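A.B. asks: next comes the sequence, and after it the predicted model I'd like to discuss.
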Amino acid sequence: MAGNNAVAARNTENAPVGVGPYSQTVAFSHYNNLSAQLPIDPATGDLVAGGAGEQADQCLKNLEAVVKSIDHVLDDVVRLTVFLADIADADAVDEACARSFPDYVPTRTTVAVAALPLGALVQVEALVSHGEGTIPDAPQAGDLVKVESSTANAPQSSRSAQAVAFSHYNNVSAQLPIDPATGDLVAGGVGEQAEQCLTNIKEILRSIDVPFDDIVKTTVFVTDLADVEAVDEVWTTFFPDSSIARTAAYVPARTTVVASALPRGARVQVEAVVSHGDGTPPQLVEDRHGLVIWAKNTDDAPKDPLSTQTVAFSHYNHLSAQLPVDPRSGEVVPGGAAEQTRRCLENIRAIVESIDHALEDVVKVNVFLTDLADTGAVDAVYEEFFPAGTPARRTVGVAALPRGAVVQIDAVVSNAEGTPPAR
């Protein structure tokens, strides 16, 4: 594939060396995928002193150092994801974000989880635009622009943009079950809350003339794993949305995460990544379906009727989170964290190879563990699959995982060939 986009993994001494086998930032095509940053002082290698505010400042300083090392600025960030050990620290983190983003605010997801690496109070990751692309020896002009969108028909916040498009993707802030007319959480249980979250996403997409079925990846955060069944019941009333999608039985890729708490005391929050066939200026405006979504499943990995194993659009493949389930038996594999990690990664490899790719094409990995003490066992297996440590990575501790698993892993994969125009 000479001359096509190439995976570009990079590191800088001005930010902490990763506490695992991963790169600080991995660029592909028009996006840089950054590893989650902990509040580590790169000069000492230790967590900074102070509370959540000081830790958030350090996380953001580390992000800025990585971003500057690749000749970008913080205003090139399109999405921030903030993980907290205590949701009560959200206000202090908001103040830190306001200091780093005084004018422009990217889309954002904020969630409290059971634990963070090294006992940190805060961890922050970013997705950064990359206008010059990653074609070897042939950089593009770098003049693509971000397009921010907002509608009064969905909740608005001074802390985050509703949607930020860049190139062929729209990134939507995680939506809480807030009624935009009142600004309050909707009444009812988790079913009603899930419906409001998805309605808010639909309204944001409607405001930018994007069909709901252009969503390629979702992340569902719930505070109680037992609530997933109620969320799934609502899910089937939203996906598939159009007659075309129903004919193809299309549903986006999905990851479900158990949060220890969510903003506003919500029980569910939904994040979406959306295809954007038109691109952003100065790309030529095409018919929205000039590029097509490729949704693929293989029998060599576990299947789920509510999600697609991998959804490709333009130059990225988005994979559903993989549990340590043997696709032949349909059961979680026996053993501990190492055995389960191996099964998760074997499932990911099977999916990646089914679409004629290799693990070297993976640009970002998200690891969810029920016990962060298992990180060493996970890393030992992980390095067998990613010996170069190329993908960017995020690791968080969660209170529970589906099927009683102790590890869950999802991934984002480069797609050099892109997806074809509809004919």
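C.D. replies: Alright, I've got the coordinates. Numbering: from 1, shown residues only.
A.B. asks: distance between the ends of stretch 70-78?
C.D. replies: Distance across stretch 70-78, first residue to last, is 16 Å (C-alpha to C-alpha, to the nearest Å).
A.B. asks: wait, is Ala312 part of a strand?
C.D. replies: Yes: when classified by DSSP: H, G, I helix; E, B strand; the rest coil, Ala312 is found to be part of a strand.
A.B. asks: give me the number of residues near it?
C.D. replies: Neighbour count for Ala312, taken as other C-beta atoms under 10 Å: 26. To be clear about C-beta, it is placed using only N, CA and C from the backbone, and glycine gets the same treatment.
A.B. asks: with Phe221 instead?
C.D. replies: Neighbours around Phe221, by other C-beta under 10 Å: 26.
A.B. asks: swap in Arg206?
C.D. replies: Arg206 has 14 nearby residues by other C-beta under 10 Å.
A.B. asks: helix or strand: which one has it?
C.D. replies: Arg206 belongs to helix 190-207 when elements are defined using DSSP states H and E.
A.B. asks: then Thr151?
C.D. replies: Using DSSP H and E, no helix or strand contains Thr151.
A.B. asks: mind listing what it touches?
C.D. replies: Gln162, Glu203, Ile204, Arg206, Ser207 (C-beta atoms under 8 Å, 6 or more residues apart in numbering).
A.B. asks: now do 7 Å
C.D. replies: Thr151 makes contacts with Gln162, Glu203, Ile204, Ser207, as judged by C-beta atoms under 7 Å, 6 or more residues apart in numbering.
A.B. asks: for it, what are phi and psi?
C.D. replies: Note on Thr151: its backbone torsions stand at phi -140, psi 150 [degrees, to the nearest 10].
A.B. asks: how confident is the prediction for it, by pLDDT?
C.D. replies: The score at Thr151 is 98. That number is its pLDDT.
A.B. asks: swap in Met1?
C.D. replies: With respect to pLDDT, Met1 has a value of 37.
A.B. asks: Arg423 now?
C.D. replies: According to the prediction, Arg423 has pLDDT 53.
A.B. asks: are any of the contacts of Thr151 buried, and which?
C.D. replies: In the contacts of Thr151, burial by neighbour count holds for Gln162, Glu203, Ile204, Ser207, counting by 16 or more other C-beta atoms under 10 Å.
A.B. asks: between all of the residues you listed, which two are separated the most?
C.D. replies: Farthest-apart pair in those is Gln162 and Glu203; separation 9.3 Å (C-beta to C-beta).
A.B. asks: list residues touching both of these two?
C.D. replies: Common neighbours of Gln162 and Glu203 (C-beta under 7 Å, 6+ apart) are Thr151, Ala154.
A.B. asks: buried stuff in stretch 346-357?
C.D. replies: Glu346, Asn347, Ile348, Arg349, Ala350, Ile351, Val352, Ser354, Ile355, His357.
A.B. asks: which ones among these are found in helices?
C.D. replies: Using DSSP state H, Glu346, Asn347, Ile348, Arg349, Ala350, Ile351, Val352, Ser354 are the members of the buried residues of stretch 346-357 that sit in helices.
A.B. asks: in this structure the third one contacts Gln408, no?
C.D. replies: Going back to what we said before, that points to Ile348. No: using C-beta atoms under 7 Å, Ile348 is not in contact with Gln408, being 11.0 Å away.
A.B. asks: now do the shared contacts for these two.
C.D. replies: By C-beta under 7 Å, 6+ apart, the residues touching both Ile348 and Gln408 are Gln322.
A.B. asks: count the neighbours of the residue lying closest to Leu84 once chain neighbours are set aside for me.
C.D. replies: Nearest non-adjacent residue to Leu84, counting by C-beta to C-beta, 6 or more residues apart in numbering: Ala112, 4.5 Å away. Ala112 is flanked by 21 other residues according to other C-beta under 10 Å.
A.B. asks: where does Ala112 fall, phi/psi-wise?
C.D. replies: Here Ala112 shows phi and psi, under degrees, to the nearest 10, equal to phi -100, psi 140.
A.B. asks: quick check, Ser314 in contact with Thr419.
C.D. replies: Yes: using C-beta under 7 Å, Ser314 is in contact with Thr419, at 5.9 Å.
A.B. asks: any shared contact partners between those two?
C.D. replies: Counting by C-beta under 7 Å, 6+ apart, the residues touching both Ser314 and Thr419 are Leu291.
A.B. asks: which residues of the stretch 201-350 of the chain fall in helices?
C.D. replies: Assigned by DSSP state H, counting those that start in this stretch, the stretch 201-350 of the chain shows helices spanning 228-238, 243-248, 337-354.
A.B. asks: just name the most buried of the ones you listed.
C.D. replies: For these, ranked by mean neighbour count under the definition mean count of other C-beta atoms under 10 Å, the leader is helix 337-354 at a mean of 22.
A.B. asks: counting contacts, what elements does the next helix or strand after that helix pack onto?
C.D. replies: Per DSSP H and E, the first helix or strand lying C-terminal to helix 337-354 is strand 362-369. In this structure, strand 362-369 packs against strand 25-28, helix 375-385, strand 392-397, strand 407-414, with contacts taken as 3 or more C-beta pairs under 7 Å, 6 or more residues apart in numbering; DSSP states H and E.
A.B. asks: for the shortest one, which strands pair with it and how are they oriented?
C.D. replies: Yep, that's strand 25-28 we're talking about. Its sheet considered, strand 25-28 pairs with strand 8-10 (antiparallel), strand 31-34 (antiparallel) by DSSP bridges.
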